[in-house]
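J.: sharing a model prediction with you, sequence too.
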Amino acid sequence: DEWTSLCDGATNDVHDIQFAKGSYAIWQMSNDEQIKRWDAHTGEILTKFSVPHGDDVNHCQLVEDDGVAFVSSRLTNGLVKMNATTGDRIWVLGGEYGDFELEDFDGTVHAAGASLWVGQHNLEYFGEDEYFMLDNQYDTGNNSRMLIVKVESEGATKRARLDWQKVFEGYSPHFGDADLLPTGNVFGCYWPDAVKSSWDVQYDERAYEVARDDDATLVWMLSLSGKQCEETVCARSDSSGWSFYSIERFYTAPLVYRVTCSGTSISFSTQNNFKQSDQYRGKYDLVDADSGDALASGDFYWAAYWRETSVEISLDSLPTDRVRLLVTNQFGDTTRKAFSC
């Protein structure tokens, strides 16, 4: 219930930060276009390297136990994959420095160097070769959209394709987000500088959850309208009215579902309370719901990127009484599920 000051109270311009894997340090993009890893106690810079072909780099994601960095370079319309130990460039996806052929939704294949997304925000890797972003379509005259790109080959001929989109009714030159949820839906936000479908649509900012189907079916929406929306036309500028830079969903405890009994084993599916870019340890306990006697316990690892994790508990025999399953994360957050086999 108290705030913890990081880096000995130092301040810095930052779009987002990420805790390092296995140490009390943070990664962030600095305003000098460098990736830096800071000692979260002292503020000492432990690692730093520049981003090749980076311009207005607004998002940095560390994966694979901090061995790889994905860096979104907004003004070159590209995602730079880097070795986070050496600072070397591995490849660039999209934009003028891109290494990948890009296949559009209509099947047209564009040579490396094409920009099928422009001025993106929060371009992020979510596993299974999929990259999510808010494609602002900056300064193109097109509507902004949530966009998923799938990399099909990283070999000698690098190739990726546009896999899914949710086109908004307006244009957002700045800000925005698109993330994968545990349900498989896509969650994000967008701030409209101009609404092109109808000026009767009155809001400053919207957050969306949409199904990942062909129609991008709306599941949930939050609209924020400032006072000016009620009086004339909403205050759509980057210095007035409501706006979100990005948006995240959190749960209060791990998700546990699809609990089944079969043979002499009990299995369940789970995800942690929040998305993480690496595998983290979880714990399960199986107890008799009436007596409280322990039946089984063990550790497992949640899959990275909020993907579904399947866990199987092997027993000598299935319990005949009511059972309670407890799933706990590294912070002590626990979900309890009662069931009978």
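T.: It's in. Numbering: from 1, shown residues only.
J.: Asp65 touches Gly22, doesn't it?
T.: Yes - under the criterion of CB atoms under 8 Å, Asp65 makes contact with Gly22 at 7.3 Å. Yep, even glycine has a C-beta here, placed from its N, CA and C like the rest.
J.: so for those two, which sits in the more crowded spot?
T.: Legend: neighbour count by other CB atoms under 10 Å for Asp65 and Gly22, higher for Asp65 (13 against 9).
J.: which residue sits closest to that one in space, ignoring its chain neighbours?
T.: Nearest non-adjacent residue to Asp65, counting by CB to CB, 6 or more residues apart in numbering: Lys21, 5.0 Å away.
J.: which residues of the protein score low on pLDDT?
T.: Low-confidence segments of the chain, defined by pLDDT under 70: 196-201, 238.
J.: so which residues of it form helices?
T.: 227-231 (DSSP state H).
J.: okay, and the common contacts of Asp65 and Gly22?
T.: With contacts defined as CB atoms under 8 Å, 6 or more residues apart in numbering, no residue is shared by Asp65 and Gly22.
J.: can you pull out the strands in the stretch 1-150 of the chain?
T.: Per DSSP state E, counting those that start in this stretch, the stretch 1-150 of the chain carries strands over the ranges 17-19, 25-29, 34-39, 45-50, 57-63, 68-73, 78-83, 89-93, 101-103, 109-110, 121-125, 130-135, 145-154.
J.: in a markdown table: those, plus distance to Leu222 and mean neighbour count.
T.: Shown next, in a markdown table, are the strands of the stretch 1-150 of the chain (distance: least, CB to CB, whole Å; neighbours: other CB atoms under 10 Å):
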| stretch | distance to Leu222 | mean neighbour count |
| --- | --- | --- |
| strand 17-19 | 25 | 16 |
| strand 25-29 | 28 | 22 |
| strand 34-39 | 32 | 20 |
| strand 45-50 | 38 | 15 |
| strand 57-63 | 22 | 22 |
| strand 68-73 | 24 | 24 |
| strand 78-83 | 28 | 23 |
| strand 89-93 | 31 | 20 |
| strand 101-103 | 32 | 20 |
| strand 109-110 | 35 | 13 |
| strand 121-125 | 17 | 25 |
| strand 130-135 | 16 | 25 |
| strand 145-154 | 15 | 19 |
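J.: and these as TSV, adding distance to Leu255?
T.: TSV is the format used below for those (distance: least, CB to CB, whole Å):
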stretch	distance to Leu255
strand 17-19	21
strand 25-29	26
strand 34-39	30
strand 45-50	34
strand 57-63	22
strand 68-73	25
strand 78-83	29
strand 89-93	30
strand 101-103	34
strand 109-110	39
strand 121-125	20
strand 130-135	20
strand 145-154	22
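J.: which among those strands is found nearest to Ala10?
T.: strand 34-39 (7.9 Å; CB to CB).
J.: how close does the closest residue to Asn122 other than its chain neighbours sit to Glu205?
T.: Once flanking residues are discounted, Asn122 sits nearest to Asp177: 4.5 Å by CB to CB, 6+ apart. Distance of Asp177 to Glu205, given as CB to CB, to the nearest Å: 12 Å.
J.: overlap in contacts, those two.
T.: Common neighbours of Asp177 and Glu205, counting by CB under 8 Å, 6+ apart, are Cys189, Phe244.
J.: ok so, going back, contacting residues around the residue nearest to Asp65?
T.: By CB under 8 Å, 6+ apart, the contact set of Lys21 is Leu62, Asp65, Asp66, Asp278.
J.: Gln28 is in contact with the first one, correct?
T.: Read it as Leu62. No - using CB under 8 Å, Leu62 is not in contact with Gln28, being 10.1 Å away.
J.: okay, and the common contacts of those two?
T.: Gln18.
J.: beta partners of the residue nearest to Ser314 when sequence neighbours are not counted?
T.: In space, and not counting its chain neighbours, Ser314 is closest to Ser265: 5.0 Å by CB to CB, 6+ apart. Beta-bridge pairing of Ser265 under DSSP bridges involves Ser262, Ser314.
J.: what's the neighbour count on Ser265?
T.: 12.
J.: stretch 8-16: end-to-end distance?
T.: 18 Å (CA to CA, to the nearest Å).
J.: let me know how buried Glu232 is, in neighbour terms.
T.: Heads up, residue 232 is Thr, not Glu. 8.
J.: surely the residue nearest to Asn122 touches Trp191?
T.: No - shown here, Asp177 and Trp191 do not form a contact pair, counting by CB under 8 Å, at 10.3 Å.
J.: mutual contacts of these two, please.
T.: Overlap of the contact sets of Asp177 and Trp191 (by CB under 8 Å, 6+ apart) consists of Phe244.
J.: neighbour-wise, which of those two wins?
T.: Between Asp177 and Trp191, Trp191 has the larger neighbour count (other CB under 10 Å), namely 28 against 24.
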